[in-house]
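Asks: Starting from these lines, generate the structure:
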Amino acid sequence: MTTGDIHRIIIIGAGQAGAETAQRLRQGGFAGEITLIGEEPQAPYQRPPLSKAYLKGEYGIERLLLRPASVYAEEQVSLLTPCRAVWVDRTNKKVRVEGGRELPYDALVLATGARPRKLTLAGADLDGVFLFRTAADVDAVRPRFIKGAKLVVIGAGYIGLEVAAVARTLGLDVTVIESAVRPLARVTSPEVAGFFLDEHTRQGVRFVLGGQPALIKGNDAVTGVSLADGMEIPADIVIAGIGVTPETTLAQQCGLTVENGILTDRHCRTADPSIFAIGDCASRPIQHYEDRVCRLESVHNAVEGGRMVAAAITGKDYPEETPWFWSDQYDLKLQIAGLFQGYDKIVLRGALEDRAFAAFYYQGPRLIAVDAVNRPGEFLGAKMLIQKGKTISPDVLTDLSRPMKELVAAAN
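Replies: Now for the predicted structure:
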């Protein structure tokens, strides 16, 4: 399949990745048909504010929209919402949507995202138990976020801790249950995790680490959570933040390879040259980490996937960026550049007690990642170094009299 053979593109998934793909295709000069299919009623919107400003009530849904809904019509992007794709016919290059309508494609982009994992406990269907993924999820739980309400959050990842921070700000009584021995166990080091544990504890959040929920109590509505060790925690609200599962149903149905997400090459192309996969649903080789195959859950990865696909379809080059992530909790901004897995040394620049520091991760002599808390200069500097394949000597990092810009300029 060559660029000149593509006249009709279907994008399944109207989240950040799908919307970015449509926008970049038009900006890249693609003049053919673009159809963007989304299951939610809204035009594509940002998800990160859901657990922050939107939950607080500071933003309405219009503020979350990536672009005004009218722009899609102006750019001749057919936005089908709410609409669900139910079948992909690779042989005849057609997508079937609910109701039986079939849409032809020359190139198909799967940007189907991920679905939140549901609690598999008795009582998980009680009133007051919520998942946390969409604007509708937040709309359902937000009226219950009132001062004095008892909230139990199951899971201490980004979403769980961001929700806990908002809840404490609004005066709720908050307990976080985490099966691991520390929060953020999958995404950061014990040192940084310990800092956030201490900060949340200082803000009044109670933690049950190593806790195993066994039962959600209540008759019609939730009244508490029982743990395997017999502990009982009262609750008016329970929010499950136990991770997500990549949405690969369509890919599996049509015979694409799925290995912790839809497997693609570095250009986000699946084994079928007419089908791409991007965002939370896809796994691809990461250039800056020896083509290690990863499934990344981040806005940056969604945006980058859209740009890579648009570049591939329009015959342009796209320089792959260093992966990056962020999380806002209270007045703390955590910015992460790179992938820390496999590190053998960590160097702190700044002091944890100052609530502004950066943790630099090394694998041998090589800088592979940074976690920066209220230190944007360190985040940007490390991101640039990883992007260029350079490193910085660990022994100079602790000297705060030397600006980060100076250290980056002297890096090898």
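
Asks: Please count neighbours and contacts with C-alpha atoms only from this point.
Replies: Will do.

Asks: unless I'm mixing things up, Ala69 is touching Tyr45, no?
Replies: No: using CA atoms under 8 Å, Ala69 is not in contact with Tyr45; the gap is 10.0 Å.

Asks: Looking only at neighbour counts, state which of those two leads.
Replies: Neighbour count, other CA atoms under 10 Å: between Ala69 and Tyr45, Tyr45 has more, with 22 against 14.

Asks: Against Ser70, how distant is that one?
Replies: According to CA to CA, to the nearest Å, Tyr45 and Ser70 sit 14 Å apart.

Asks: Next: Leu332.
Replies: 35 Å.

Asks: who's more crowded, these two?
Replies: Between Leu332 and Ser70, counted using other CA under 10 Å, Leu332 has the larger neighbour count: 16 against 9.

Asks: Now for that one: which residues touch it?
Replies: By CA atoms under 8 Å, 6 or more residues apart in numbering, the contact list for Leu332 reads 355, 373-374.

Asks: Sort out which of those are in strands and list them.
Replies: Secondary structure defined by DSSP state E assigns Val373 of those to strands.

Asks: Now the contacts of Leu332 in JSON lines, please, with extra columns for pLDDT.
Replies: Shown next, in JSON lines, are the contacts of Leu332 (pLDDT from 0 to 100):
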{"residue": "Arg355", "pLDDT": "95"}
{"residue": "Val373", "pLDDT": "97"}
{"residue": "Asn374", "pLDDT": "97"}
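
Asks: In ChimeraX, how would I select just the buried ones from the contacts of Leu332?
Replies: Buried subset of the contacts of Leu332, written as a ChimeraX selection, criterion 16 or more other CA atoms under 10 Å:
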select :355,373,374
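
Asks: Just give me the longest helix of the protein.
Replies: Counting residues, the longest helix found in the chain (DSSP state H) is helix 299-314.

Asks: ok, the closest residue to Gly32 other than its chain neighbours to Gly241 distance?
Replies: Closest residue to Gly32 apart from its sequence neighbours, by CA to CA, 6 or more residues apart in numbering: His7 at 4.7 Å. Using CA to CA, His7 is found at 41 Å from Gly241.

Asks: For these two, indicate the residue with more neighbours.
Replies: Per other CA under 10 Å, whichever of His7 and Gly241 has more neighbours is Gly241, with 26 against 14.

Asks: And the residue nearest to the more buried one when sequence neighbours are not counted, its phi and psi?
Replies: Computed as CA to CA, 6+ apart, the closest residue to Gly241 that is not its neighbour in sequence is Gly155, at 4.8 Å. Main-chain torsions, Gly155, degrees, to the nearest 10: phi 110, psi 130.

Asks: can you pull the contacts of Gly155?
Replies: Neighbour list for Gly155: 176-179, 240-243 [criterion: CA under 8 Å, 6+ apart].
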